[in-house]
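Participant: Prediction below, plus the sequence it came from.
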Amino acid sequence: MTDVINPLDNKLKKTAYSTETIHTMTRPLLQEGRPLMEEAGKAAATTAALMLSMADIEVSHSQVVILAGSGGNGCNGLFAGARLASMGAKVIALATGHCLQPKAVEEFTGAGGNIVPLSREASIPRFPSPQTASQEQDKLQQAVKLTQSCDLIIDAMTGIGQHGSLHAIPEKLAEQIKGQIENQTTAMLSADPWHQHRPLVEAIDVPSGVGVDDGTVPGAYIPADVTVCFGALKPCCLLPPAAYACGNIVLVDFKFDISHAPVAVEAMDTHSCASLIRKAKFSDNKYTRGVVGLVTGSEQYPGAAVLSSCAAANSGAGMVRYIGPERPSNAVLSALPEAVLGEGKVQAWVLGSGVSTAIASKQTDQQRTIISRILAAHGDFTKSGMDENQKHDSCRPMVIDAGALDMLPLRQLPSHVVLTPHTGELASLLASMGETVTASDISSKPLYWARRACDLTGATILLKGGITIVISPRNNGDPKIFTTGFGPAWLATAGSGDVLAGIEGALLASQSEILASDPSQIGLVTASAAFLHGIAASLASHSQQRAWRLPLLMDTRSIEDFTHEAKQAWSYEYRVGRNSATPLGHPIHASELVNSLKDAQELLLALPYLHIERPSEQVHVDKQVQTEDTNNRPISDRSRTETEQQNLPLEASSQEHTQAFLGIDPLWF
Ligand SMILES: NC(=O)C1=CN([C@@H]2O[C@H](COP(=O)(O)OP(=O)(O)OC[C@H]3O[C@@H](n4cnc5c(N)ncnc54)[C@H](OP(=O)(O)O)[C@@H]3O)[C@@H](O)[C@H]2O)[C@@H](O)CC1
Ligand SMILES: Nc1ncnc2c1ncn2[C@@H]1O[C@H](COP(=O)(O)OP(=O)(O)O)[C@@H](O)[C@H]1O
Ligand SMILES: [K+]
């Protein structure tokens, strides 16, 4: 069977909508009489059963604890629990709020589920509440023990109705449960998330405690292995740090009409990125393909000059011009003999990577002098009344990184000036504009602060991290927000940001015509560079680890197809890629990223020609490969015999080889 990509399904998987928009899209379906609560319950139960099966636990022998709040989220949890109970699971619902919806209680208890109210203020007919503070405390401790010993926790305390940070019983439970779950990003980081010595966690709609619309984690919250998200993704599913708490996402397709719905956040995927890789044309010459000028590196940090220049050359620039002192210039020439030294016409600039800030540079720094001259020559950004097109004419697209970030005219920059700070650099930049903020504040509220910088400067902001946020201003309305979390955490290595700056420069140069005619494309171009950086890291490290991956789409009318697909996508054996013992791959250094950039683009350019086969039968063959030794301990892939290795389906054909090498499962493509 060949995978056919439906553009609207694809859009649904990578766009998130505000709580308000979700309510607007839900309303007409409720008016039609769609039993959404029941559909949500069915989807959550199917996912729960699947998670248990991934962990080799029979549903009929499983113990499931539902943390049920008093709103719609708790109601979903109880409907899911009713289904699991009718499949033979032992299910207990811990009521965390004042009440439970009577219809859901009836369904749940009718199927054999039991309910334990935890709050003194709870009023749930037939189920007595604790009467005193000490009874409430005892009940809470028993509840925590229960969550420690069960197989699966269904977190249905709060969903899109959560206001502020968690309080009362939900807060206390979340604090205790999160304490048991050591790593927030368990599902993404571990090779095999299903066989850990702790209960699995399924979040209903969103992990309780996260900031649904802003992606923060304002207080206690429960990180999930899987989040079953209803109708459409919420911003917390894409934005850091909340997105790290979502684990794998199952998106239940209610068939919302998203065609005109305002998108709050968009995640980058391979298809969007591929569309921004400029293909060479026969009518091209080196100039039309895009010339990048770099003022990067310094006597002190010559390596940054090499990394950024080579990254630009390997990312499709027709020519690289390098400007800098003797030591970095010589280093660039020996790594990249085709680099042209000195100033000349360019389509985009990369300024500041590996250049010291004013505070750090003890004497007049040659690079800083050149950068100020280039900035000064690029028009008076602060001149009032210039529209985006006039600003574009007076200023080339440019990447402002590291040491150049403190040299900007700070306000009214054109949107095609791209600032690429990490959290520390953004804190300094904001401080220079009068904001009181630390790097740690920015890590806690990255969207808020990236937006603040965008509002204050007018520039496009790329805030680096495991999930990188790109935010670009729009003439009318809210800024456009992209996220990209394709790369493995191995990307956090010295010089990685210099490579990113070079990629950005190449994309800005090669897409300068598009940017001139449609300045609103700047966010997409910028985010594409970050995504390409992530793909290069995957290739270099042989890693399939992602800070974020596309959700699996569930159509509740074809649950069997979904189950089959999810089993493949989540199976450890399936995800073990070529040349690596686990899907985590191995560490990399920044030069290796540069070397993988060409392969990354080849793969993206080949996308339209790849017919992606779903390896439905092959996975079964793979599963027969011995995975345990005689003492039932898992054996690593490296200890398999040559012949067994050859049986791995991902090495079967060149097409699969490419996908496996890249670490992209076809099902997630
Ligand atoms: N609409 C639909 O048709 C559909 C809805 N669906 C589902 O319903 C969900 C939305 O349901 P909702 O609107 O009832 O709110 P919900 O998320 O359950 O939270 C409210 C409860 O949480 C509590 N609570 C709130 N803040 C809190 C805090 N800080 N700390 C502690 N507690 C806090 C609050 O308690 P209170 O403040 O009253 O003490 C109240 O009891 C949605 O996410 C999806 O799962 C889907 O099935 C699709 C169809
Ligand atoms: N935990 C992480 N997972 C994946 N990528 C990360 C992580 N932390 C940082 N990165 C990426 O690594 C790069 C680091 O850039 P930067 O801090 O500027 O490094 P340098 O200054 O050493 O070149 C950025 O692209 C960032 O998005
Ligand atoms: K929840």
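Facilitator: Received the coordinates, thanks. Ligands and ions are numbered 1, 2, ... in the order given.

Participant: When you work out contacts or count neighbours from here on, use the C-alpha atoms and nothing else.
Facilitator: Noted.

Participant: what about Ala311, neighbour count?
Facilitator: Per other Cα atoms under 10 Å, the neighbour tally for Ala311 reads 31.

Participant: ok, and what's touching whichever strand or helix holds it?
Facilitator: Using DSSP states H and E, Ala311 falls within helix 302-314. By Cα atoms under 8 Å, 6 or more residues apart in numbering, the surrounding residues in contact with helix 302-314 are 292, 294-298, 319-320, 322, 327-329, 331-332, 335-336, 339, 353-354, 495, 498-506, 590-591, 594-595, 597-598.

Participant: Among the residues you listed, which are located in strands?
Facilitator: Taking DSSP state E as the definition of strands, the contacts of helix 302-314 contribute 292, 294-295, 319-320, 322.

Participant: biggest separation within those, which pair?
Facilitator: Farthest-apart pair in the ones in strands among the contacts of helix 302-314 is Val295 and Met319; separation 14.4 Å (Cα to Cα).

Participant: So those two - more neighbours on which side?
Facilitator: Counted by other Cα under 10 Å, Val295 and Met319 do not tie: Val295 has more neighbours, with 28 against 25.

Participant: can I assume that one is in contact with Ala348?
Facilitator: No. Val295 is not in contact with Ala348 according to Cα atoms under 8 Å; the separation is 11.3 Å.

Participant: give me the residue from the stretch 501-650 of the chain nearest ligand 3.
Facilitator: With Cα to the ion as the measure, Pro551 is the residue of the stretch 501-650 of the chain nearest to ligand 3, at 17.1 Å.

Participant: Not counting its neighbours along the chain, what's nearest that residue?
Facilitator: Spatial nearest neighbour of Pro551, chain neighbours left out: Ile249 (4.8 Å); criterion: Cα to Cα, 6 or more residues apart in numbering.

Participant: so the one you found is in which element?
Facilitator: Taking DSSP H and E as the criterion, Ile249 maps to strand 248-252.

Participant: swap in Cys99?
Facilitator: Assessed by DSSP H and E, Cys99 sits outside every helix and strand.

Participant: for it, what are its contacts?
Facilitator: Residues in contact with Cys99 (Cα under 8 Å, 6+ apart) are 69-70, 122-124.

Participant: hang on, the earlier thing: mind checking pLDDT for the residue of the stretch 501-650 of the chain closest to ligand 3?
Facilitator: Model confidence at Pro551, given as pLDDT, is 93.

Participant: of the contacts of helix 302-314, buried ones?
Facilitator: 292, 294-298, 319-320, 322, 327-329, 331-332, 339, 353-354, 495, 498-506, 590-591, 594-595, 597-598 (16 or more other Cα atoms under 10 Å).

Participant: Can you narrow those down to the ones near ligand 1?
Facilitator: When Cα under 6 Å from any ligand atom is applied, no member of the buried ones among the contacts of helix 302-314 is adjacent to ligand 1.

Participant: so what's Ala43 closest to, chain neighbours aside?
Facilitator: Nearest to Ala43 is Thr556, by Cα to Cα, 6+ apart, at 6.4 Å.

Participant: if I look at the one you found, how far off is Leu78?
Facilitator: Taken as Cα to Cα, to the nearest Å, the spacing of Thr556 relative to Leu78 amounts to 18 Å.

Participant: neighbour count winner among these two?
Facilitator: Leu78 (36 against 17).

Participant: Please settle this for me: is the more buried one part of a helix?
Facilitator: Yes. With DSSP: H, G, I helix; E, B strand; the rest coil as the criterion, Leu78 is part of a helix.

Participant: Can you tell me how far it is from ligand 3?
Facilitator: For Leu78, the distance to ligand 3 equals 12 Å [Cα to the ion, to the nearest Å].

Participant: I figured that residue hits Pro102, correct?
Facilitator: No. The criterion here is Cα under 8 Å, and Leu78 misses it with Pro102 at 10.4 Å.

Participant: which ones are touching the most centrally placed residue in the chain?
Facilitator: By Cα atoms, centre = their mean, the chain has its centre lying nearest to Trp548, at 3.1 Å. Residues in contact with Trp548 (Cα under 8 Å, 6+ apart) are 188, 238, 243-244, 467, 484-486.

Participant: Where does Thr483 fall, secondary structure wise?
Facilitator: Taking DSSP H and E as the definition, Thr483 sits inside strand 480-484.

Participant: pLDDT averaged over that strand, what's the number?
Facilitator: 97.

Participant: what comes into contact with that strand?
Facilitator: 238-239, 264-269, 467-474, 523-524, 527, 530-531, 548.

Participant: Going along the chain, name the strands of the stretch 351-500 of the chain.
Facilitator: Here the stretch 351-500 of the chain has its strands, by DSSP state E, counting those that start in this stretch, at 398-400, 417-419, 460-463, 468-472, 480-484.

Participant: Per-residue pLDDT of whatever residue of the stretch 301-450 of the chain ends up closest to ligand 2, please?
Facilitator: Closest residue of the stretch 301-450 of the chain to ligand 2, Cα to the nearest ligand atom: His422 (5.5 Å). Note on His422: pLDDT of 98.

Participant: Just give the closest residue to it, not the sequence neighbours.
Facilitator: In this structure, His422 finds its nearest non-sequential neighbour in Lys464, 4.9 Å apart by Cα to Cα, 6+ apart.

Participant: Could you check how many residues crowd around the one you found?
Facilitator: Residue crowding around Lys464 was assessed by other Cα under 10 Å; the count is 20.

Participant: now Phe562
Facilitator: Neighbour tally, Phe562, other Cα under 10 Å: 19.

Participant: what residues are up against it?
Facilitator: Residues near Phe562 by Cα under 8 Å, 6+ apart: 553-555.

Participant: In PDB, list the C-alpha atoms belonging to the helix or strand where it lies.
Facilitator: Using DSSP H and E, Phe562 maps to helix 559-570. C-alpha atoms of helix 559-570 as PDB (Å, rounded to 0.1, in the frame of the first residue of the first chain):
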ATOM      1  CA  ILE A 559      -9.700   1.900  14.800                       C
ATOM      2  CA  GLU A 560      -8.100  -1.300  13.500                       C
ATOM      3  CA  ASP A 561      -6.100   0.600  10.900                       C
ATOM      4  CA  PHE A 562      -5.000   3.100  13.600                       C
ATOM      5  CA  THR A 563      -4.000   0.300  16.000                       C
ATOM      6  CA  HIS A 564      -1.900  -1.400  13.300                       C
ATOM      7  CA  GLU A 565      -0.200   1.800  12.300                       C
ATOM      8  CA  ALA A 566       0.500   2.900  15.900                       C
ATOM      9  CA  LYS A 567       2.000  -0.500  16.800                       C
ATOM     10  CA  GLN A 568       4.400  -0.200  13.900                       C
ATOM     11  CA  ALA A 569       5.300   3.400  14.700                       C
ATOM     12  CA  TRP A 570       5.800   2.800  18.400                       C
END
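
Participant: buried set for that helix?
Facilitator: With burial defined by 16+ other Cα under 10 Å, the residues of helix 559-570 counted as buried are 562-563, 565-570.
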